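Sequence plus the predicted model coming up.
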Amino acid sequence: NLMDVKTFQINGDIKNFNVSPAGIDFLMTTFSNSKTDLSILKKLGSVNYQGKFKGSTQQTILTGLFKTSVGDLTTDIQLNKNGEKLLYEGLLKSTSIRIGELLPENSLVGETGFDFKIKGSYDPKMGMEGNVYGLASHIVYHGYDFQNLVVKGRFDRNGFEGYAALGDANGNLHFSGLVNLTKEMPVYQFDLFAEGFNPFAFGLLGYQSNTSFSFHMHSDMTGHNLDDLNGDVSLDSLLINSNKEKFFLKKMKLDVARTIGNQRIKITSPILNAELWGNFELSGIPDGFKGLLNRFLPSLLSSNFKIPKGSSYEFHGSLAPCPELLSILKTPFNLIEKVEVQGFYNEATGKFRFRGDAPNLTYGKTLIQEAGFLLENPQKEAKFLAFAQFGPEETPVKMNLDARGLNDFASFKFNLSNVGLQTYS
(Lines give C-alpha, C1' and ligand atoms only; values in the text may rest on other atoms or scores of the structure.)
Protein backbone atom coordinates (compact mmCIF):
# COMPACT_ATOMS: atom_id res chain seq x y z
CA ASN A 1 0.00 0.00 0.00
CA LEU A 2 1.82 3.10 -1.23
CA MET A 3 -0.41 5.33 0.86
CA ASP A 4 0.51 3.59 4.16
CA VAL A 5 3.80 5.12 5.33
CA LYS A 6 4.25 2.53 8.11
CA THR A 7 4.31 -0.42 5.69
CA PHE A 8 6.05 1.35 2.82
CA GLN A 9 9.28 -0.38 1.66
CA ILE A 10 11.71 0.14 -1.16
CA ASN A 11 14.29 -2.33 -2.48
CA GLY A 12 16.79 -1.63 -5.20
CA ASP A 13 20.09 -2.19 -6.90
CA ILE A 14 21.43 1.34 -7.33
CA LYS A 15 23.87 1.99 -10.16
CA ASN A 16 24.42 5.67 -9.51
CA PHE A 17 22.72 7.82 -6.86
CA ASN A 18 23.80 11.37 -5.94
CA VAL A 19 22.72 13.38 -2.90
CA SER A 20 23.61 17.02 -2.24
CA PRO A 21 24.33 18.35 1.30
CA ALA A 22 20.79 19.74 1.39
CA GLY A 23 19.47 16.30 0.42
CA ILE A 24 21.45 14.61 3.21
CA ASP A 25 19.86 16.95 5.73
CA PHE A 26 16.40 16.11 4.43
CA LEU A 27 16.91 12.32 4.40
CA MET A 28 18.43 12.12 7.87
CA THR A 29 15.43 13.79 9.50
CA THR A 30 13.55 10.55 8.74
CA PHE A 31 15.49 8.80 11.51
CA SER A 32 15.13 11.36 14.24
CA ASN A 33 12.47 13.76 15.46
CA SER A 34 15.06 15.78 17.38
CA LYS A 35 16.90 18.86 16.19
CA THR A 36 20.18 17.00 15.81
CA ASP A 37 23.02 19.06 14.34
CA LEU A 38 23.77 17.50 10.95
CA SER A 39 26.20 20.16 9.74
CA ILE A 40 29.09 17.67 9.88
CA LEU A 41 27.39 15.52 7.22
CA LYS A 42 27.17 18.47 4.87
CA LYS A 43 30.97 18.59 4.88
CA LEU A 44 30.87 15.36 2.88
CA GLY A 45 29.93 17.41 -0.15
CA SER A 46 27.92 15.67 -2.83
CA VAL A 47 27.59 11.98 -1.99
CA ASN A 48 27.50 9.30 -4.66
CA TYR A 49 26.22 5.81 -3.77
CA GLN A 50 26.50 2.59 -5.77
CA GLY A 51 25.12 -0.66 -4.37
CA LYS A 52 22.07 -2.27 -2.84
CA PHE A 53 19.43 -0.46 -0.84
CA LYS A 54 16.52 -1.71 1.24
CA GLY A 55 14.55 0.78 3.26
CA SER A 56 11.41 1.71 5.11
CA THR A 57 10.51 4.36 7.65
CA GLN A 58 11.89 2.08 10.41
CA GLN A 59 14.84 0.30 8.76
CA THR A 60 17.52 0.90 6.16
CA ILE A 61 20.10 -1.57 4.83
CA LEU A 62 23.01 -0.24 2.77
CA THR A 63 25.46 -2.58 1.04
CA GLY A 64 27.65 -0.68 -1.36
CA LEU A 65 30.13 2.17 -1.91
CA PHE A 66 29.82 5.81 -0.89
CA LYS A 67 32.00 8.33 -2.71
CA THR A 68 32.38 11.72 -1.02
CA SER A 69 34.64 14.75 -1.20
CA VAL A 70 36.66 13.46 1.79
CA GLY A 71 37.09 9.86 0.57
CA ASP A 72 35.32 6.59 -0.19
CA LEU A 73 33.47 4.37 2.28
CA THR A 74 32.34 0.77 1.72
CA THR A 75 29.36 -0.27 3.84
CA ASP A 76 27.35 -3.33 4.71
CA ILE A 77 25.25 -1.86 7.48
CA GLN A 78 21.72 -1.97 8.86
CA LEU A 79 20.05 1.04 10.50
CA ASN A 80 16.90 0.66 12.61
CA LYS A 81 14.79 3.35 14.16
CA ASN A 82 13.70 2.61 17.74
CA GLY A 83 11.84 5.61 19.09
CA GLU A 84 14.35 8.43 19.39
CA LYS A 85 17.25 5.97 19.05
CA LEU A 86 19.00 4.93 15.88
CA LEU A 87 20.36 1.36 16.06
CA TYR A 88 23.22 0.35 13.78
CA GLU A 89 25.05 -2.89 12.96
CA GLY A 90 27.40 -3.91 10.19
CA LEU A 91 30.72 -3.27 8.46
CA LEU A 92 32.51 -0.03 7.54
CA LYS A 93 35.64 0.01 5.39
CA SER A 94 37.81 2.65 3.74
CA THR A 95 41.31 2.60 2.33
CA SER A 96 41.61 6.38 2.63
CA ILE A 97 39.22 8.91 4.13
CA ARG A 98 40.14 12.38 5.43
CA ILE A 99 38.37 12.34 8.80
CA GLY A 100 39.97 15.61 9.86
CA GLU A 101 37.97 17.56 7.30
CA LEU A 102 34.77 16.54 9.11
CA LEU A 103 36.07 17.70 12.51
CA PRO A 104 36.61 21.24 13.88
CA GLU A 105 39.36 23.31 12.30
CA ASN A 106 41.81 22.80 15.17
CA SER A 107 41.55 19.00 14.96
CA LEU A 108 44.89 17.17 14.68
CA VAL A 109 43.37 14.10 12.98
CA GLY A 110 44.04 13.61 9.27
CA GLU A 111 43.63 10.82 6.75
CA THR A 112 42.81 7.28 7.90
CA GLY A 113 42.08 3.82 6.53
CA PHE A 114 40.07 1.22 8.46
CA ASP A 115 38.02 -1.97 8.36
CA PHE A 116 35.61 -2.08 11.31
CA LYS A 117 32.69 -4.18 12.46
CA ILE A 118 30.32 -2.13 14.61
CA LYS A 119 27.10 -2.61 16.57
CA GLY A 120 25.38 -0.06 18.78
CA SER A 121 23.01 2.86 18.97
CA TYR A 122 22.82 6.63 18.72
CA ASP A 123 20.65 8.64 21.07
CA PRO A 124 20.27 12.42 20.61
CA LYS A 125 20.64 12.93 24.37
CA MET A 126 23.16 10.22 25.32
CA GLY A 127 25.24 10.23 22.15
CA MET A 128 26.73 7.17 20.43
CA GLU A 129 27.58 3.88 22.12
CA GLY A 130 28.33 0.36 20.98
CA ASN A 131 30.92 -2.29 20.21
CA VAL A 132 33.70 -2.04 17.66
CA TYR A 133 36.14 -4.59 16.30
CA GLY A 134 38.64 -4.19 13.51
CA LEU A 135 41.83 -2.62 12.17
CA ALA A 136 42.78 0.95 11.33
CA SER A 137 45.55 0.30 8.83
CA HIS A 138 46.76 3.85 9.33
CA ILE A 139 45.64 7.11 10.92
CA VAL A 140 47.35 10.48 10.66
CA TYR A 141 47.51 12.39 13.94
CA HIS A 142 49.56 15.53 14.56
CA GLY A 143 51.28 14.99 11.23
CA TYR A 144 52.42 11.41 11.97
CA ASP A 145 50.97 8.40 10.14
CA PHE A 146 50.30 5.77 12.82
CA GLN A 147 50.20 2.22 11.46
CA ASN A 148 48.21 -0.89 12.34
CA LEU A 149 45.84 0.03 15.15
CA VAL A 150 43.70 -2.94 16.28
CA VAL A 151 40.59 -2.16 18.36
CA LYS A 152 38.17 -4.52 20.10
CA GLY A 153 35.82 -3.29 22.79
CA ARG A 154 32.88 -1.20 23.88
CA PHE A 155 32.68 2.59 23.71
CA ASP A 156 30.33 5.42 24.63
CA ARG A 157 30.64 9.16 25.06
CA ASN A 158 32.44 8.65 28.40
CA GLY A 159 35.18 6.28 27.31
CA PHE A 160 36.29 2.85 26.16
CA GLU A 161 36.59 -0.63 27.66
CA GLY A 162 38.37 -3.41 25.83
CA TYR A 163 41.60 -4.01 23.93
CA ALA A 164 43.66 -1.85 21.58
CA ALA A 165 47.08 -2.43 20.04
CA LEU A 166 49.41 -0.31 17.92
CA GLY A 167 51.94 -2.11 15.72
CA ASP A 168 53.93 0.83 14.39
CA ALA A 169 57.52 0.97 13.10
CA ASN A 170 58.30 3.29 16.04
CA GLY A 171 56.88 1.06 18.73
CA ASN A 172 54.30 -1.48 19.81
CA LEU A 173 51.60 -0.64 22.37
CA HIS A 174 49.03 -3.00 23.87
CA PHE A 175 46.18 -1.60 25.96
CA SER A 176 43.59 -3.62 27.84
CA GLY A 177 41.15 -2.27 30.39
CA LEU A 178 38.82 0.63 31.04
CA VAL A 179 39.04 4.40 30.66
CA ASN A 180 35.77 6.03 31.73
CA LEU A 181 35.66 9.84 31.85
CA THR A 182 32.21 10.11 33.42
CA LYS A 183 31.56 13.39 35.24
CA GLU A 184 30.73 11.64 38.51
CA MET A 185 34.15 9.99 38.94
CA PRO A 186 36.49 9.13 36.04
CA VAL A 187 38.06 5.68 36.21
CA TYR A 188 41.43 4.57 34.82
CA GLN A 189 41.78 0.81 35.22
CA PHE A 190 44.05 -0.68 32.58
CA ASP A 191 47.30 -2.38 31.65
CA LEU A 192 49.59 -0.88 29.03
CA PHE A 193 52.51 -2.79 27.51
CA ALA A 194 55.09 -0.94 25.40
CA GLU A 195 57.95 -2.36 23.36
CA GLY A 196 60.47 -0.15 21.56
CA PHE A 197 58.07 2.80 21.86
CA ASN A 198 59.57 6.10 20.66
CA PRO A 199 57.16 8.96 21.50
CA PHE A 200 59.57 11.52 20.02
CA ALA A 201 59.17 10.04 16.53
CA PHE A 202 55.43 10.70 16.67
CA GLY A 203 56.00 14.45 16.99
CA LEU A 204 54.01 14.62 20.22
CA LEU A 205 56.79 16.07 22.41
CA GLY A 206 57.98 18.93 20.23
CA TYR A 207 61.44 17.61 19.37
CA GLN A 208 63.10 14.54 17.89
CA SER A 209 65.12 11.80 19.58
CA ASN A 210 65.88 8.15 18.91
CA THR A 211 65.20 7.20 22.55
CA SER A 212 62.75 4.31 22.96
CA PHE A 213 60.93 2.83 25.95
CA SER A 214 59.75 -0.64 26.88
CA PHE A 215 57.60 -1.18 29.99
CA HIS A 216 54.45 -2.54 31.59
CA MET A 217 52.17 0.01 33.24
CA HIS A 218 49.27 -0.94 35.49
CA SER A 219 46.76 1.72 36.54
CA ASP A 220 44.00 1.50 39.13
CA MET A 221 43.13 5.17 39.58
CA THR A 222 40.03 7.34 39.90
CA GLY A 223 39.69 11.10 39.82
CA HIS A 224 39.00 14.19 37.73
CA ASN A 225 42.38 15.91 38.20
CA LEU A 226 45.50 16.03 40.35
CA ASP A 227 43.52 17.24 43.35
CA ASP A 228 41.16 14.27 43.69
CA LEU A 229 43.16 11.35 42.28
CA ASN A 230 42.98 8.16 44.31
CA GLY A 231 44.58 4.75 43.70
CA ASP A 232 47.89 3.52 42.37
CA VAL A 233 49.97 3.27 39.20
CA SER A 234 52.91 0.90 38.81
CA LEU A 235 55.63 0.74 36.18
CA ASP A 236 57.43 -2.59 35.75
CA SER A 237 60.50 -3.55 33.76
CA LEU A 238 61.24 -0.12 32.34
CA LEU A 239 63.97 -0.27 29.68
CA ILE A 240 65.25 2.93 28.05
CA ASN A 241 67.41 2.71 24.91
CA SER A 242 69.19 5.79 23.59
CA ASN A 243 72.23 5.91 21.27
CA LYS A 244 73.34 2.43 22.38
CA GLU A 245 73.02 3.47 26.04
CA LYS A 246 70.59 1.54 28.22
CA PHE A 247 68.87 2.03 31.56
CA PHE A 248 66.75 -0.59 33.32
CA LEU A 249 64.40 -0.02 36.25
CA LYS A 250 62.77 -3.08 37.78
CA LYS A 251 59.77 -1.32 39.31
CA MET A 252 58.34 2.06 40.28
CA LYS A 253 55.02 2.61 42.03
CA LEU A 254 52.87 5.65 42.74
CA ASP A 255 50.30 5.40 45.55
CA VAL A 256 47.71 8.09 46.24
CA ALA A 257 45.52 7.68 49.33
CA ARG A 258 42.91 10.26 50.25
CA THR A 259 40.58 10.86 53.19
CA ILE A 260 38.67 13.98 54.22
CA GLY A 261 41.21 16.67 55.09
CA ASN A 262 44.21 14.45 54.49
CA GLN A 263 46.05 12.74 51.67
CA ARG A 264 49.29 10.90 51.12
CA ILE A 265 51.28 10.54 47.90
CA LYS A 266 54.09 8.01 47.82
CA ILE A 267 56.61 7.02 45.15
CA THR A 268 58.75 3.91 45.66
CA SER A 269 61.50 2.52 43.43
CA PRO A 270 65.14 1.39 43.64
CA ILE A 271 66.37 4.90 42.75
CA LEU A 272 63.61 7.41 43.56
CA ASN A 273 61.64 7.37 46.81
CA ALA A 274 59.42 10.22 47.94
CA GLU A 275 56.44 10.89 50.16
CA LEU A 276 54.14 13.90 50.56
CA TRP A 277 51.41 13.92 53.17
CA GLY A 278 49.04 16.37 54.85
CA ASN A 279 46.11 18.61 53.92
CA PHE A 280 46.80 20.14 50.52
CA GLU A 281 45.89 20.32 46.85
CA LEU A 282 48.63 19.53 44.37
CA SER A 283 47.46 22.26 42.01
CA GLY A 284 47.74 24.81 44.85
CA ILE A 285 51.37 24.09 45.78
CA PRO A 286 52.87 26.50 43.16
CA ASP A 287 50.62 29.32 44.44
CA GLY A 288 51.69 28.40 47.95
CA PHE A 289 55.33 29.05 47.01
CA LYS A 290 54.31 32.35 45.37
CA GLY A 291 52.55 33.24 48.60
CA LEU A 292 55.73 32.62 50.57
CA LEU A 293 57.75 34.86 48.27
CA ASN A 294 55.02 37.52 48.29
CA ARG A 295 54.99 37.52 52.10
CA PHE A 296 58.65 38.52 52.36
CA LEU A 297 59.46 40.16 49.01
CA PRO A 298 56.10 41.27 47.55
CA SER A 299 57.56 43.52 44.84
CA LEU A 300 59.17 40.55 43.07
CA LEU A 301 55.90 39.22 41.65
CA SER A 302 52.34 40.23 40.89
CA SER A 303 49.54 39.33 43.27
CA ASN A 304 47.32 37.55 40.70
CA PHE A 305 47.36 34.21 42.50
CA LYS A 306 45.37 32.60 45.29
CA ILE A 307 47.05 31.20 48.38
CA PRO A 308 45.43 27.85 49.33
CA LYS A 309 43.81 28.27 52.75
CA GLY A 310 44.49 25.72 55.47
CA SER A 311 47.20 23.99 53.47
CA SER A 312 49.80 22.08 55.45
CA TYR A 313 52.09 19.26 54.42
CA GLU A 314 55.35 17.45 55.07
CA PHE A 315 57.58 15.69 52.59
CA HIS A 316 60.81 13.83 52.14
CA GLY A 317 62.49 12.28 49.14
CA SER A 318 65.73 10.73 47.96
CA LEU A 319 67.44 9.99 44.67
CA ALA A 320 70.06 7.23 44.54
CA PRO A 321 73.01 7.18 42.11
CA CYS A 322 71.81 6.27 38.60
CA PRO A 323 74.68 7.04 36.19
CA GLU A 324 73.10 5.24 33.21
CA LEU A 325 69.90 7.32 33.43
CA LEU A 326 71.73 10.62 33.98
CA SER A 327 73.96 9.84 31.01
CA ILE A 328 70.93 9.27 28.77
CA LEU A 329 69.39 12.52 30.05
CA LYS A 330 72.72 14.26 29.36
CA THR A 331 72.75 16.01 32.73
CA PRO A 332 76.02 17.83 33.60
CA PHE A 333 76.13 16.24 37.05
CA ASN A 334 76.42 12.70 38.36
CA LEU A 335 75.59 11.32 41.79
CA ILE A 336 78.08 9.33 43.84
CA GLU A 337 75.92 9.14 46.96
CA LYS A 338 72.20 9.55 47.63
CA VAL A 339 70.63 13.03 47.42
CA GLU A 340 67.91 13.85 49.96
CA VAL A 341 65.28 16.58 50.40
CA GLN A 342 62.80 17.10 53.24
CA GLY A 343 60.63 19.78 54.78
CA PHE A 344 57.23 21.06 55.79
CA TYR A 345 54.83 23.94 55.17
CA ASN A 346 51.96 25.19 57.35
CA GLU A 347 49.78 27.98 55.97
CA ALA A 348 47.99 28.57 59.31
CA THR A 349 51.18 29.30 61.28
CA GLY A 350 53.08 30.74 58.31
CA LYS A 351 56.04 28.47 59.04
CA PHE A 352 58.05 26.45 56.52
CA ARG A 353 61.31 24.57 56.23
CA PHE A 354 62.88 23.01 53.12
CA ARG A 355 66.24 21.30 53.19
CA GLY A 356 68.36 19.44 50.63
CA ASP A 357 71.65 17.57 50.98
CA ALA A 358 73.95 16.17 48.28
CA PRO A 359 76.96 14.65 50.07
CA ASN A 360 79.02 13.57 47.06
CA LEU A 361 78.59 14.28 43.34
CA THR A 362 80.40 15.55 40.28
CA TYR A 363 79.60 18.46 37.97
CA GLY A 364 81.37 17.86 34.69
CA LYS A 365 84.93 16.98 35.79
CA THR A 366 84.64 18.88 39.07
CA LEU A 367 84.24 16.89 42.29
CA ILE A 368 81.67 18.38 44.70
CA GLN A 369 82.43 16.80 48.04
CA GLU A 370 79.27 18.13 49.64
CA ALA A 371 76.49 20.61 48.88
CA GLY A 372 73.19 21.59 50.37
CA PHE A 373 70.61 24.28 51.08
CA LEU A 374 68.19 25.32 53.79
CA LEU A 375 65.15 27.60 53.35
CA GLU A 376 63.15 28.43 56.49
CA ASN A 377 61.62 31.18 58.66
CA PRO A 378 62.25 30.31 62.32
CA GLN A 379 61.75 34.00 63.20
CA LYS A 380 60.01 36.80 61.28
CA GLU A 381 62.45 36.86 58.39
CA ALA A 382 62.96 34.18 55.77
CA LYS A 383 66.48 32.90 55.30
CA PHE A 384 68.15 30.88 52.59
CA LEU A 385 71.47 29.16 53.31
CA ALA A 386 73.49 27.30 50.69
CA PHE A 387 76.89 25.70 50.92
CA ALA A 388 79.24 23.62 48.78
CA GLN A 389 82.75 22.25 48.96
CA PHE A 390 84.35 21.31 45.66
CA GLY A 391 87.66 20.71 43.95
CA PRO A 392 90.49 18.31 44.91
CA GLU A 393 90.16 16.71 48.34
CA GLU A 394 93.58 18.03 49.38
CA THR A 395 92.86 21.65 48.45
CA PRO A 396 89.06 22.12 48.34
CA VAL A 397 87.20 25.34 47.70
CA LYS A 398 84.38 26.26 50.10
CA MET A 399 81.37 28.38 49.16
CA ASN A 400 78.69 29.75 51.49
CA LEU A 401 75.63 31.89 50.75
CA ASP A 402 73.42 33.52 53.39
CA ALA A 403 70.36 35.39 52.06
CA ARG A 404 67.59 36.92 54.18
CA GLY A 405 64.37 38.71 53.34
CA LEU A 406 61.60 40.63 55.13
CA ASN A 407 59.22 43.46 54.17
CA ASP A 408 60.70 43.84 50.68
CA PHE A 409 64.20 44.10 52.06
CA ALA A 410 66.86 41.50 51.25
CA SER A 411 70.43 41.02 52.39
CA PHE A 412 73.11 38.72 51.01
CA LYS A 413 76.36 37.36 52.33
CA PHE A 414 78.63 35.33 50.09
CA ASN A 415 81.90 33.71 51.06
CA LEU A 416 84.38 31.81 48.91
CA SER A 417 87.56 30.39 50.45
CA ASN A 418 90.22 27.77 49.82
CA VAL A 419 93.02 26.10 51.76
CA GLY A 420 95.50 26.01 48.85
CA LEU A 421 97.73 28.66 47.37
CA GLN A 422 95.20 29.39 44.59
CA THR A 423 91.49 29.14 44.00
CA TYR A 424 90.23 26.52 41.55
CA SER A 425 87.44 27.40 39.13
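Looks like it came in fine. All values derive from a computational prediction rather than experimental measurement. Numbering: from 1, shown residues only.

make it CA atoms for all contacts and neighbour counts henceforth
Will do.

mind checking the end-to-end distance for stretch 219-230?
11 Å (C-alpha to C-alpha, to the nearest Å).

Using neighbour counts, pick out the buried residues of that stretch.
For stretch 219-230, the buried set under the neighbour-count rule, 16 or more other C-alpha atoms under 10 Å, comprises 219, 220, 221, 222, 223, 229, 230.

what are the phi and psi angles of the residue lying closest to residue 46 once chain neighbours are set aside?
With sequence-adjacent residues excluded and distances taken as C-alpha to C-alpha, 6 or more residues apart in numbering, residue 46 is closest to residue 20, at 4.6 Å. Main-chain torsions, residue 20, degrees, to the nearest 10: phi -80, psi 170.

okay, residue 20: pLDDT?
Here the pLDDT value assigned to residue 20 is 80.

what sits against it?
Going by C-alpha atoms under 8 Å, 6 or more residues apart in numbering, residue 20 touches 45, 46, 47.

Does the first one touch residue 21 like I think?
Yes. Under the criterion of C-alpha atoms under 8 Å, residue 45 makes contact with residue 21 at 5.9 Å.

Got the confidence number for the closest residue to residue 229 other than its chain neighbours?
Distances taken as C-alpha to C-alpha, 6+ apart put residue 223 closest to residue 229, at 4.3 Å, once the chain neighbours are dropped. We have a pLDDT of 92 for residue 223.

same question, residue 36
On pLDDT, residue 36 comes in at 51.

gap between the two ends of stretch 23-41?
Its first and final residues considered, stretch 23-41 spans 10 Å by C-alpha to C-alpha.

Could you report the separation of residue 173 from residue 214?
From residue 173 to residue 214 the distance is 9 Å (C-alpha to C-alpha).

before we move on, what about residue 385?
Separation of residue 385 from residue 214 (C-alpha to C-alpha) stands at 42 Å.

These two: which is more packed in?
More crowded of residue 385 and residue 214, by other C-alpha atoms under 10 Å: residue 214, with 21 against 18.

The more buried one bridge partners, please.
residue 239 (DSSP bridges).

cool, the one 4 residues further on as well?
Residue 218 has these beta-bridge partners by DSSP bridges: residue 191, residue 234.

and it, how many residues sit next to it?
So residue 218, with other C-alpha under 10 Å, has 20 neighbours.

Does it touch residue 192 like I think?
Yes. Under the criterion of C-alpha under 8 Å, residue 218 makes contact with residue 192 at 6.5 Å.

before we move on, the earlier item: how about the buried residues of stretch 219-230 in a markdown table, adding secondary structure and distance to residue 258?
Supplementary listing: these in a markdown table, determined by DSSP: H, G, I helix; E, B strand; the rest coil; distance: C-alpha to C-alpha, whole Å:
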| residue | secondary structure | distance to residue 258 |
| --- | --- | --- |
| 219 | strand | 17 |
| 220 | strand | 14 |
| 221 | strand | 12 |
| 222 | strand | 11 |
| 223 | coil | 11 |
| 229 | coil | 8 |
| 230 | strand | 6 |
